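Visitor: let me see the structure of the following:
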Amino acid sequence: MEGISFYRTAQLGSVDSTLQLIFGGYDGKTTISDTKINAKIENVAGITWELAKDSLSARFAYLTGKTSVNTADVALAPDFTVGNLYQALSGNGLPQLVSAIDIDDEKSSFIGVGLTYDDSNWIAVAEYTHVKVDNSFIATKSNYYASVGKRFDSMTPYVSYEREDNDANVGIYQPYANALPAQLFMPLQGLIDSEAVDSNTWNIGVRYDFHPSAAFKAQYSSEKNDINGQRNGLVAFGVDLVF
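Guide: Got it, this is the predicted structure:
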């Protein structure tokens, strides 16, 4: 995002404290259902606070803003987009339903809590995030992960666990189950339900710091989708560069 931040560092006894205030906004692109669309978050205001002592550090973040996403071009079916759905619902006298699912200047918030232990030998990280966009089809997202790794000179093997629990806003369409024709209710339900995620992922990998400013990473991930019972595996390779 573009904006301004203020830092305040202090010593609280033997604990290092870093407080940051953030103000600004974002105007760029995002992707929904493989469609790249315009997104904007205005009036972003937030605070982060980090505490560190010896090998242990903790971080808290809270940000709010007004989110707008132009979802009109997102495809729901061949030759039928979210914009077509909005038009059809409005044409059937349901502008309030359009207002309940579109993303137009909606209040949004982000909460993050993280904990890190790093004694230059063992490293452990855990983080929890909660994201919410009011009055929209965007699911409330509550996710967390935990990771532990062991350094052997320039090699760091690690294992991590991720949990994603995104609840679809089914309360938006449920009152209209018997009122809407199927050709409108089904794409409405599909749009909202597409946001639901209930998955567990295990990762195992290794990081090789082959240069002070570069590292090679290899990782295998196994994800279990608890909605459809499917399990997927993924092998990924990458290089991290620090300038």
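
Visitor: C-alpha from now on. contacts and neighbour counts both.
Guide: Will do.

Visitor: helix, strand, or coil at Leu188?
Guide: Taken by DSSP: H, G, I helix; E, B strand; the rest coil, the conformation at Leu188 corresponds to helix.

Visitor: isn't it up against Ile172?
Guide: No: if you go by Cα atoms under 8 Å, Leu188 and Ile172 don't touch, sitting 9.3 Å apart.

Visitor: ok, those two, which is more surrounded?
Guide: Set side by side, Leu188 and Ile172 show unequal neighbour counts under other Cα atoms under 10 Å, the larger going to Leu188 at 24 against 17.

Visitor: quick one: the strands in this structure, in order.
Guide: With DSSP state E applied, the chain shows strands at 2-12, 15-32, 35-53, 56-69, 75-77, 80-81, 103-118, 122-133, 140-150, 155-167, 197-211, 214-225, 231-241, listed in chain order.

Visitor: and these, which one is worst for confidence?
Guide: Set side by side, those differ in mean pLDDT, and strand 75-77 is lowest with a mean of 88.

Visitor: helices or strands up against it?
Guide: Counting by 3 or more Cα pairs under 8 Å, 6 or more residues apart in numbering; DSSP states H and E, the packing neighbours recorded for strand 75-77 are helix 182-193.

Visitor: and the helix it packs on, what's buried?
Guide: Judged by neighbour count (16 or more other Cα atoms under 10 Å), helix 182-193 contains these buried residues: 185, 187-189, 191-193.

Visitor: and these as a markdown table, adding distance to Asn84 and pLDDT?
Guide: Conversion of those to a markdown table gives the following (distance: Cα to Cα, whole Å; pLDDT from 0 to 100):
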| residue | distance to Asn84 | pLDDT |
| --- | --- | --- |
| Phe185 | 13 | 93 |
| Pro187 | 10 | 92 |
| Leu188 | 11 | 94 |
| Gln189 | 15 | 94 |
| Leu191 | 12 | 92 |
| Ile192 | 15 | 94 |
| Asp193 | 18 | 93 |
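
Visitor: wait, Ser90 touches Val98, no?
Guide: Yes: checked against Cα under 8 Å, the pair Ser90 and Val98 is within contact range at 7.0 Å.

Visitor: who has more neighbours, these two?
Guide: The residue with more neighbours, out of Ser90 and Val98, is Val98; 19 against 15, by other Cα under 10 Å.

Visitor: so what's the more buried one up against?
Guide: Contacts for Val98 (Cα atoms under 8 Å, 6 or more residues apart in numbering) come out as 86, 89-90.

Visitor: cool, and Ser120?
Guide: Residues in contact with Ser120, defined by Cα under 8 Å, 6+ apart, are Arg151.

Visitor: got a pLDDT number for it?
Guide: The per-residue pLDDT of Ser120 was computed as 91.

Visitor: how near is it to Gly93?
Guide: Relative to Gly93, Ser120 is positioned 63 Å away (criterion: Cα to Cα, to the nearest Å).

Visitor: again with Ala126
Guide: Spatial separation of Ala126 from Gly93 under the definition Cα to Cα is 48 Å.

Visitor: in the sheet, who's paired with Ser17?
Guide: Listed by DSSP bridges, the beta-bridge partners for Ser17 are Ala10, Leu51.

Visitor: quick one: residues contacting it.
Guide: By Cα under 8 Å, 6+ apart, the residues touching Ser17 are 9-11, 49-52.

Visitor: can you add distance to Lys217 and neighbour count and give these back as a markdown table?
Guide: Conversion of these to a markdown table gives the following (distance: Cα to Cα, whole Å; neighbours: other Cα atoms under 10 Å):
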| residue | distance to Lys217 | neighbour count |
| --- | --- | --- |
| Thr9 | 33 | 13 |
| Ala10 | 35 | 12 |
| Gln11 | 36 | 11 |
| Trp49 | 29 | 18 |
| Glu50 | 27 | 19 |
| Leu51 | 28 | 19 |
| Ala52 | 27 | 19 |
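
Visitor: can you put those in JSON lines and add distance to Trp202?
Guide: Formatted as JSON lines, these follow (distance: Cα to Cα, whole Å):
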{"residue": "Thr9", "distance to Trp202": "37"}
{"residue": "Ala10", "distance to Trp202": "38"}
{"residue": "Gln11", "distance to Trp202": "38"}
{"residue": "Trp49", "distance to Trp202": "29"}
{"residue": "Glu50", "distance to Trp202": "28"}
{"residue": "Leu51", "distance to Trp202": "29"}
{"residue": "Ala52", "distance to Trp202": "28"}
